[in-house]
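> The sequence isn't on hand, but the structure is:
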């Protein structure tokens, strides 16, 4: 249509010049033929939903709706449609979702103005009280975090093929919360897909943006990834049998430049030997070099699954437990050390 779209930040006070309402008013004032719809204070806003959205929901559900869940921005949809539905059957409950940080849910309980906090979901909630939001229509409020809303709407796209945005995510989280607790096989919970994901490609559907805003967890690195990333040139698993001599164990460590070895018997870890310990014993008693390692070995290393997150592995390793054996498909397939973990955490390759 040739319109200029102006992006405004959400994390500013209601009276800030960059607030979207203030910005809209300023633009309207600067253009003689402009109008400012101001849907937050427009009585036609809820009236339109009373005359259209409410009847549409009632007709499409054949009057079976029992719960209507809708997160208010201006309040027009939940107020207008909610009022119509309650007029059809007074037992219908109207539930409003509200982003964590919005003042609406707090105001509904205390009837006092509070100071809102920044949140990332756009188009719903608010930091002022609009006249188009009819509080008496709403029976209950459910607060929803940015993370829950955005991750759920991403699931909606992936699992159901419905491409919606953050406002829809808040509606869905609240609606699912209601549906889970309603113990009535005849209940029919209805919500609204209020926006399109096409408007959120750089945010809700951008992994990097989600990570920057602590909504999407950083990529989890598994123990298997540690084995794959190792760049030492050594095999993933170097071990000795219990009958190998200390001399053979030390030679193997020297060949592959490692400082510890697991002792395996029939594919199971039965012990471990460390270079400093073996060297100290050999210096004290040279005959130790020709003794089997089973006579001088320490306790076996713990065994972890290959898909274990590295964060969990760090809690197992210590000075006393410098390594862990890695199990893949039921077999010991490798060994990871504190050195491997340190390199991963430090980003060293």
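Cool, got the structure. Quick caveat: nothing in here was measured; it's all calculated off a predicted structure.
> element containing residue 269, please.
Counting by DSSP states H and E, the element that carries residue 269 is strand 268-274.
> hmm, who's touching that strand?
240, 242, 246, 249, 259-264, 293-294, 296-301, 303, 322-323, 325, 332 (CB atoms under 8 Å, 6 or more residues apart in numbering). Yep, even glycine has a C-beta here, placed from its N, CA and C like the rest.
> Quick check: next helix or strand after that strand?
Next along from strand 268-274, by DSSP H and E: helix 275-284.
> what's that following helix packed up against?
helix 246-256 (3 or more CB pairs under 8 Å, 6 or more residues apart in numbering; DSSP states H and E).
> Can you mark which positions in the helix it packs on are buried?
246, 248-250, 252-253 (16 or more other CB atoms under 10 Å).
> Would you map the helices across the stretch 51-200 of the chain?
Using DSSP state H, counting those that start in this stretch, the helices of the stretch 51-200 of the chain run over 53-60, 76-88, 104-110, 146-155, 166-181.
> Let me have those helices in JSON lines, extended by mean neighbour count.
Formatted as JSON lines, the helices of the stretch 51-200 of the chain follow (neighbours: other CB atoms under 10 Å):
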{"stretch": "helix 53-60", "mean neighbour count": "17"}
{"stretch": "helix 76-88", "mean neighbour count": "23"}
{"stretch": "helix 104-110", "mean neighbour count": "17"}
{"stretch": "helix 146-155", "mean neighbour count": "22"}
{"stretch": "helix 166-181", "mean neighbour count": "23"}
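> which residues are contacting the worst-scoring helix or strand of the chain on mean pLDDT?
Using mean pLDDT, DSSP states H and E, the weakest-scoring helix or strand in the chain turns out to be helix 338-346, at a mean of 75. Identification of contacts with helix 338-346 by CB under 8 Å, 6+ apart yields 221, 225-226, 229-230, 310, 313-314, 317, 322-323, 348-349.
> Show me which pair in those residues is furthest apart.
Distance extremes for the contacts of helix 338-346: the farthest pair is 322 and 349 at 21.2 Å, using CB to CB.
> taking the mean pLDDT, what do you get for stretch 91-101?
For stretch 91-101, mean pLDDT is 97.
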